[in-house]
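> sequence plus predicted model, see below.
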Amino acid sequence: MKISTKFSKQRTLLLSILLITSTLVATGYVHRSAGAITQTPATFTNYELAGNEFIAGHSQGITCPNTATVEAQKCYSTQAEPAIRADKAGRFYGSSESVFCVIGGQCGGTYAWRSTDNGGHFTTLSLPNTQTIPGSPLAASVAGSDTDIAVAPALNTNGLYNVYVASLHSSLANFEVSTSTDGGNTWSQNFKAATLGADDREWIAADGASKVCLSYHSLTTTLGIQVDCSYNAGLLFSQTASAFDAVHAPLFLAANNKIGNLAIDPHNHLVYQSWSSISDNSEIAPCVTGCNFHTVWVGVSIDGGRTFNDFIVHDDTTRQSDYGHSFVNLSIDKAGNLYAVYSDDHNMYYSFSRNFGKTWSGPFKVNSNPAKTAIFPWSSAGNEGQLDITYYGTSYTNGAQVPTDFPPFPSTAATWYVYFAQNLNALTPNSPFTQVAASGIVHYGDVCELGAGCGSNQNRDLLDDIGIATSPTTGKAAIIYTSDQYVNSALEPANTYGSRHCTPAAENTIDCSHTDVAVQIAGSTTNQKPPHHFEVDDEDFEELDTSNDGGHSPRNEIDVTNIGTGAIDKLDIGIGGLPWAVNWNVNGPVQPGQTVVGTSTIVPTGLLLVVGNVYQVTVTATLADGTTETQTVNVIYSLGAGLGL
């Protein structure tokens, strides 16, 4: 985030639903007992990525780690504040911004990487938004500041998943969204993606094969949060909405919020936007001179991002806490449960919602000794209740003192590491996290969180962000992060190429800032399956008549996979005790490993359906030996959330 707000650290259709006799068709998540799942500490391997804007060719095509002896082929990085995602095939994609653009004013655009071997190696891709200056080895771009990355959850016509890289213009005039339909080999650019100009701190999320949404702070609306969506892979963002509903908008405008990330559930197409702010109108006037953002909020869209309703995740009623350091982060597990992770500049907390953001449980503390101070969260959820979180942590703590004011380097009192915390039973209140340091030392001293308001005597080398993604195929995590340390090892060489060199004397300065990855090689994962006979994969229940004329056109779809060892003879699904007949795509028993899809465009009589309401559904499988297993699913009746996909 480049703009320092004036408050910075201190305030810094009616319808009806049903039960299914042979299917579940809803938009929602599944609630099952965790069963026997083992949680063991993770271990990681770490290395630097190649991304040097001062090298001719800009490190494109270099795979790391490597043993290159030619300087231009080494894994040198001048990037920071990275992001990472994984596609359904298990490929990791990362992006990172130019630290010299953010702090030094030398913009070389955004870098992107891809791993096709579960994080064992990352290759530097063609640059998403950068062009080489004619007659010079240097690169130039209108972008290169804040970045985020997204991957589509559905295949495109090339048989790959679209990759989207968003990048803030260094002038704050707009954002660039770059799209790759071929796995990052080539990119198309939308140089002015945002509907409103004059912007800051964007986030990006994808749905279907070609829908992508962008959220951002609009400076022209006094830091309103705008959500723009494209249905043609980023070519044009034709749909725009405010994340603030009419009732709550007065709380958040006039810079009374700190933006968090954007997330989309690909199973039911709900769109979520997070932020921190205040809780009621009595605080608006005092916030003119400064207040704490003591309330975590989420905007929920059940109509594909066209409108939002806002809900409180957690409110510190003492108004002493200040959340969003940096930033509030949302993730969604495979069953549709929602997790919000947030730091008060001292400790890390999470809350969870089983009903699509309407109500929340928490907060629950995440970090533990030696990470006595924890900031900059990012999370990735896997199977139901299985959650990975990463953050920067230090053993230093001093009462109310915040990291911006920690003793500066050369003091080593505050020694920072990347931490990884995992909870495989995160839907159980106060369940334990397994926490490990996922890196060596990445920074010493203060961590300024004031954005462009950081003074020359304050250290902003870590910038504002960190990232984690988990592979859908292995369940293992990959963390992407910033370090400003002089290591100069085979896996983390110190950059000596170009006009900015990382030397022992430059340690803990931007001249040593670079992007590293920590790749999980052992320990428990978030793709563990409890001992069930089946699981519900995709659930989507929508009202397709969006005219508000009183007519109804429901559509339901459910995907069920047999994860047991024996055949399932029958699936019975119920809502409110009424049967719901569906059409299955296959006949006969469901064999182990087989996925079946059920659809319906009718609903049983007797149940009142209200768009936006959450309903409980039971799914019962009858096995070949006559025994049964029942699981419970929460579903929401959305208003055409998947239209256009």
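Cool, the structure landed.

> what about residue 434, how many neighbours?
16 (other C-beta atoms under 10 Å). Any C-beta I mention is one placed from the backbone N, CA and C, and that applies to glycine too.

> should've said residue 475
Neighbour count of residue 475, defined by other C-beta under 10 Å: 19.

> contact partners for residue 67?
Going by C-beta atoms under 8 Å, 6 or more residues apart in numbering, residue 67 touches residue 490.

> so what's it scoring on pLDDT?
Looking at residue 67, its pLDDT is 96.

> check residue 82 too.
Residue 82 is given a pLDDT of 96.

> surely it is in a helix?
No. Checked against DSSP: H, G, I helix; E, B strand; the rest coil, residue 82 lies outside a helix; its state is strand.

> hmm, it is touching residue 464, no?
No. With contact defined as C-beta atoms under 8 Å, residue 82 does not count as touching residue 464 (11.1 Å).

> more neighbours: those two, which one.
Taking other C-beta under 10 Å, residue 82 and residue 464 do not tie; residue 82 has more neighbours (30 against 22).

> can you pull the contacts of the more buried one?
Contacts of residue 82 (C-beta under 8 Å, 6+ apart): 94-97, 147, 465-467, 480-482, 515.

> need the nearest residue in space to it, chain neighbours excluded.
residue 96 (3.7 Å; C-beta to C-beta, 6 or more residues apart in numbering).

> that neighbour is in what secondary structure piece?
Using DSSP states H and E, residue 96 maps to strand 92-98.

> partners of that strand in the sheet?
In the sheet, strand 92-98 lines up against strand 79-86 (antiparallel), strand 111-115 (antiparallel) (DSSP bridges).

> between those, which gets nearest to residue 440?
strand 79-86 (16.9 Å; C-beta to C-beta).

> any idea how far the longest helix seen in the chain is from the chain center?
Taking DSSP state H as the criterion, the chain has its longest helix at helix 249-252. On the basis of C-alpha atoms, centre = their mean, to the nearest Å, the separation between the geometric centre of helix 249-252 and that of its chain is 24 Å.

> now tell me what touches it from outside.
Helix 249-252 is contacted by residues 223-225, 242, 244, 275, 277-281, 283-284, 297 when judged by C-beta under 8 Å, 6+ apart.

> list the buried residues in that helix.
Residues of helix 249-252 classed as buried by neighbour count (16 or more other C-beta atoms under 10 Å): 251-252.

> who does the next helix or strand after that helix pair up with?
Per DSSP H and E, the first helix or strand lying C-terminal to helix 249-252 is strand 258-264. Strand pairing for strand 258-264, determined by DSSP bridges: strand 271-277 (antiparallel).

> beyond the strand it pairs with, next helix or strand please.
Counting by DSSP H and E, the element after strand 271-277 in chain order, helix or strand, is strand 295-301.

> just the C-alphas of that following strand, formatted as PDB.
Taking C-alpha atoms only, strand 295-301 is exported to PDB below (Å, rounded to 0.1, in the frame of the first residue of the first chain):
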ATOM      1  CA  THR A 295     -13.600  -4.000  14.000                       C
ATOM      2  CA  VAL A 296     -13.000  -6.600  11.300                       C
ATOM      3  CA  TRP A 297     -15.600  -6.600   8.500                       C
ATOM      4  CA  VAL A 298     -16.500  -8.700   5.500                       C
ATOM      5  CA  GLY A 299     -18.600  -7.700   2.600                       C
ATOM      6  CA  VAL A 300     -20.600 -10.600   1.100                       C
ATOM      7  CA  SER A 301     -22.000 -10.700  -2.400                       C
END
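
> determine the angle, from 0 to 180 degrees, between it and strand 258-264.
Here the directions of strand 295-301 and strand 258-264 differ by 30 degrees (axes from the mean of the first three to the mean of the last three C-alpha atoms, to 10 degrees).

> so where do the strands sit in the stretch 501-645 of the chain?
Taking DSSP state E, counting those that start in this stretch, the strands of the stretch 501-645 of the chain run over residues 514-522, 534-543, 554-562, 568-575, 578-579, 583-584, 595-600, 614-623, 628-636.

> nearest to residue 54, of the ones you listed?
The minimum distance between residue 54 and the strands of the stretch 501-645 of the chain falls on strand 514-522, with 12.6 Å, by C-beta to C-beta.

> contacts for the closest one?
With C-beta under 8 Å, 6+ apart, strand 514-522 has contacts from 42-49, 51, 76-80, 82, 84, 94, 96, 111, 118-120, 122, 418, 420, 438-439, 442, 476-484, 492, 495, 502.

> restricted to buried residues, select the residues you listed in ChimeraX.
The buried residues among the contacts of strand 514-522 can be selected in ChimeraX (16+ other C-beta under 10 Å) with this line:
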select :42,44,46,47,48,49,51,76,77,78,79,80,82,84,94,96,111,118,119,122,418,420,438,439,442,476,477,478,479,480,481,482,483,484,492,495,502
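
> where does the nearest residue to residue 110 once chain neighbours are set aside fall, helix, sheet strand or coil?
Residue nearest to residue 110 in three dimensions, not counting chain neighbours: residue 167, with 4.3 Å by C-beta to C-beta, 6+ apart. Taken by three-state DSSP, the conformation at residue 167 corresponds to strand.

> again, but for the one 10 residues further on
Recorded secondary structure, residue 177: strand (three-state DSSP).

> that one contacts residue 168, correct?
No. Judged on C-beta under 8 Å, residue 177 makes no contact with residue 168 at a distance of 10.9 Å.
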